[in-house]
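Trainee: What follows is a predicted protein model with its sequence.
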Amino acid sequence: MSGNITFTMIKPKAVAKGYMGKIIDQIIAGGFKIKALKYTKLTKQEAEQFYAIHKERPFYQGLTDFMSSGPIIAAVLEKENAVEAYRNFIGATNPEAAAEGTIRKLYGTNIEANAVHGSDSDENAVIESNFYFSTREWNY
Ligand code: UDP
Ligand code: MG
């Protein structure tokens, strides 16, 4: 299982703009299988915990304010080589630099509100999935 899953969020701005259906359609069309899915909202403290790896970065306060500003979608996705495949699929962190047709290019507003999150390693995919879901909800 590990190595074949990644974790994603649809970020508050993309949810607020009504893009969640289009983004989920694109994820499925891209060959990613949804293993778990949740519509919810983070507190500031939860956003800080989720992004704790970035706490020394200058964008940490703004990012965690933003990520707790409205509802998000959390999902666990399955595909061969899911972490790398999904990061290539969503495009570069900055939507302006993202390839044409990627989710971040199509639905991102700026480098902070870049439409979606994607895990950066197999290990973090498991940690992030377990942040939102019990193991039995995605690992089946
Ligand atoms: N971010 C930001 N400013 C930056 C870099 C990143 O606001 O200069 C935000 C952006 O929302 C990004 C998140 O912080 O998705 C995590 O940054 P990371 O470098 O891990 O990028 P990612 O893995 O999401 O492409
Ligand atoms: Mg990252």
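Mentor: Looks like it arrived, so ask away. Ligands and ions are numbered 1, 2, ... in the order given.
Trainee: Might one say that residue 63 is in contact with residue 55?
Mentor: No: Residue 63 is beyond contact range of residue 55, at 10.1 Å (criterion: C-beta atoms under 8 Å). C-beta: built from backbone N, CA, C; applies to glycine.
Trainee: Looking at those two, which one has more neighbours?
Mentor: residue 63 (20 against 11; other C-beta atoms under 10 Å).
Trainee: mind saving the C-alpha coords of the strand or helix carrying the more buried one as PDB?
Mentor: Using DSSP states H and E, the element containing residue 63 is helix 60-67. Only the C-alpha atoms of helix 60-67 are listed here, as PDB (Å, rounded to 0.1, in the frame of the first residue of the first chain):
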ATOM      1  CA  TYR A  60       4.000  29.900   7.800                       C
ATOM      2  CA  GLN A  61       1.700  32.400   9.500                       C
ATOM      3  CA  GLY A  62       0.000  33.500   6.300                       C
ATOM      4  CA  LEU A  63      -0.300  29.900   5.100                       C
ATOM      5  CA  THR A  64      -1.900  28.700   8.300                       C
ATOM      6  CA  ASP A  65      -4.200  31.700   8.500                       C
ATOM      7  CA  PHE A  66      -5.300  30.900   5.000                       C
ATOM      8  CA  MET A  67      -5.700  27.200   5.500                       C
END
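Trainee: roughly how far apart are the closest residue to residue 97 other than its chain neighbours and residue 139?
Mentor: The spatially closest residue to residue 97, leaving aside those adjacent along the chain, is residue 91, at 7.9 Å (C-beta to C-beta, 6 or more residues apart in numbering). Between residue 91 and residue 139 the computed distance is 28 Å (C-beta to C-beta, to the nearest Å).
Trainee: Look at these two and report which has more neighbours.
Mentor: Per other C-beta under 10 Å, whichever of residue 91 and residue 139 has more neighbours is residue 91, with 24 against 16.
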